[in-house]
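**Student:** Make a model of this:
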Amino acid sequence: MIRGLSDAQLAKRGTVLTDVPPITVEEIIERVLIAHCEQHFGSIRRTIAPYISLSFACVNRSGACPAASAPTSSATGTSTVA
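**Tutor:** Numbers count the residues shown, from 1 in each chain. Below is the predicted model:
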């Protein structure tokens, strides 16, 4: 949808917040959809990093994951295979 906007549509101005001067559609896209999301990427990366590094560390040269078949304890105290 955004790619389909014309230059005239991107140049339209409007008030988004009452305390901020009117901004263009292009500025909204750049500031909100792009820059604001990029600000969150650091937090997202830190949150998912343990899971990503685990999945990469888990796979050995044969493509198998030794940890996937390692015994784990269940809530009943019995040993299970994941």
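
**Student:** Low-confidence regions, this protein specifically.
**Tutor:** Low-confidence segments of the chain (pLDDT under 70): 53-82.

**Student:** Spell out, range by range, the helices that occur in it.
**Tutor:** Assigned by DSSP state H, the helices in the chain fall at 7-11, 25-28, 37-58.

**Student:** Highest mean neighbour count out of the ones you listed?
**Tutor:** The highest average neighbour count among the helices of the chain, using mean count of other CB atoms under 10 Å, belongs to helix 25-28 at a mean of 15. C-beta coordinates here come from the backbone N, C-alpha and C atoms, glycine included.

**Student:** can you list contacts of it?
**Tutor:** With CB atoms under 8 Å, 6 or more residues apart in numbering as the contact definition, helix 25-28 has outside contacts at 5, 9-12, 14, 16.

**Student:** still on that earlier bit, redo the helices of the chain as CSV? Include distance to residue 1.
**Tutor:** As requested, these are exported to CSV (distance: least, CB to CB, whole Å):
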stretch, distance to residue 1
helix 7-11, 11
helix 25-28, 12
helix 37-58, 16
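
**Student:** before we move on, back to that, between the contacts of helix 25-28, which sits nearest residue 41?
**Tutor:** Set against residue 41, the nearest of those by CB to CB is residue 16 (22.8 Å).

**Student:** so the closest one makes contact with residue 24?
**Tutor:** No - shown here, residue 16 and residue 24 do not form a contact pair, counting by CB atoms under 8 Å, at 10.3 Å.
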